[in-house]
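Peer 1: Predicted model and sequence follow; I will ask about them next.
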Amino acid sequence: MQDIIKAIEEASIKIKELIETGDTGKSEQENSTGDTQLKLDIASDVIIEDIFKTIPSIKAIVSEEQEEIVSLNEDGEYLIAYDPLDGSSLVDVNLSVGSIYGIYKGGFDAKSIIASVYVVFGPRVEMVVAIDDVKMYRLKKGKFEFIQNIVLEEKGKLNAPGSTQNCWAPYHKELIDDIFNDGYRLRYSGGMVPDLHQILLKGGGLFSYPGTTDRPKGKLRQLFEVFPFAYTYEKANGQAVDGFKRALEVETTHIHDTTPCFFGSNTEINRVLEVYKKNG
Ligand SMILES: O=P(O)(O)OC[C@H]1O[C@](O)(COP(=O)(O)O)[C@@H](O)[C@@H]1O
Ligand SMILES: [Mg+2]
Ligand SMILES: [Mg+2]
């Protein structure tokens with residue numbers, strides 16, 4: 001596993017350079033979910049794949065930016081699903097973006113996830129590794145240095161409500177309004193990585209990306225986005241659910257499947273479960 005973390009560190013240093021100097025324009029291609037790929041999405045995907053190809057412990061990889069699973073080493077132990085540049089459309093307005101990695105063993109599904117890593121590219125570059133606990137590192141002079149463990153409080157103060165509001169179910173709108181009425185503050189940049197990182201570091205709160213009338217299965221992708229963060233939130237003493245059950249119990253039928261998702265500290269997630277149970 002250490003070789004994989006080292007590979008992610010190496011890729012992140014290159015992606016940081018790419019973000020700082022690369023072309024933020026669109027490519028001519030679409031990915032499997034139908035998003036127009038930016039040149040930066042494709043270039044960061046190539047950086048990661050090239051580095052992972054050199055690691056013998058990796059059996060196969062799958063990227064948000066590629067159609068199929070890529071087999072690397074027959075005898076490898078680990079499977080990695082990754083989103084090379086999450087929130088890439090925020091690069092041109094100079095907001096924070098990130099990379100997300102889910103490390104799986106045995107299959108590309110929720111029950112097989114055994115570790116998760118994400119990297120935030122903001123004013124500083126930070127890497128958060130969840131294995132047994134959640135550890136944060138910061139890039140300083142070309143090296144990732146341990147900074148702190150991350151543990152959520154029971155209840156937070158931030159609310160990050162995602163997706164198109166005029167497509168929300170009435171009970172979802174009521175839940176979000178009630179949370180604001182209880183004094184929570186809006187914190188939503190449109191980048192899953194910095195938005196979830198902020199909630200983790202500020203002690204807690206709620207990030208939601210529900211199923212909506214236009215996208216009943218939500219937008220965020222199970223293998224590359226939802227399961228890795230679900231793993232991190234659970235290891236940080238928080239929770240991640242699809243409205244009704246743990247996100248890590250959601251079935252995957254296709255590598256690019258999406259799911260509604262909610263991440264947060266215990267108080268807020270219990271509140272989501274109560275409202276969805278009554279209405280869903
Ligand atoms: O603009 P919306 O609908 O709230 O969606 C925002 C979400 O979409 C994403 O940008 C999707 O990720 P990609 O940029 O990798 O496609 C998340 O980072 C973010 O949480
Ligand atoms: Mg993404
Ligand atoms: Mg992406």
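Peer 2: Everything's here; your move. Ligands and ions are numbered 1, 2, ... in the order given.

Peer 1: got a list of what the residue of the chain found nearest ligand 2 touches?
Peer 2: When scored by Cβ to the ion, the chain has Asp86 as its residue closest to ligand 2, at 3.5 Å. Heads up, the C-betas are built off the backbone N, CA and C, glycines and all. Asp86 is in contact with Val97, Gly98, Ser99, Ile100, Gly191, Met192, Val193, Glu225, counting by Cβ atoms under 8 Å, 6 or more residues apart in numbering.

Peer 1: Make TSV from the residues you listed and add secondary structure, distance to ligand 1 and neighbour count to it.
Peer 2: Converted to TSV, these look like this (DSSP: H, G, I helix; E, B strand; the rest coil; distance: Cβ to the nearest ligand atom, whole Å; neighbours: other Cβ atoms under 10 Å):
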residue	secondary structure	distance to ligand 1	neighbour count
Val97	strand	8	25
Gly98	strand	8	29
Ser99	strand	10	25
Ile100	strand	8	27
Gly191	coil	5	23
Met192	helix	3	26
Val193	helix	7	27
Glu225	helix	7	27
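
Peer 1: can you redo those as a markdown table with pLDDT and distance to ligand 2?
Peer 2: Formatted as a markdown table, the contacts of Asp86 follow (pLDDT from 0 to 100; distance: Cβ to the ion, whole Å):
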| residue | pLDDT | distance to ligand 2 |
| --- | --- | --- |
| Val97 | 97 | 9 |
| Gly98 | 98 | 8 |
| Ser99 | 98 | 9 |
| Ile100 | 98 | 7 |
| Gly191 | 97 | 9 |
| Met192 | 98 | 6 |
| Val193 | 98 | 8 |
| Glu225 | 98 | 5 |
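
Peer 1: who's the residue of the chain closest to ligand 2 bridged to?
Peer 2: Under the criterion DSSP bridges, Asp86 forms beta bridges with Gly98.

Peer 1: and this structure, which of its residues are near ligand 3?
Peer 2: Residues of the chain lying near ligand 3 by Cβ under 5 Å from the ion: Glu64, Asp83, Asp86.

Peer 1: Ligand 1: which of the residues you listed is nearest?
Peer 2: Lowest distance from ligand 1 to the residues of the chain next to ligand 3 (Cβ to the nearest ligand atom) belongs to Asp86, with 4.1 Å.
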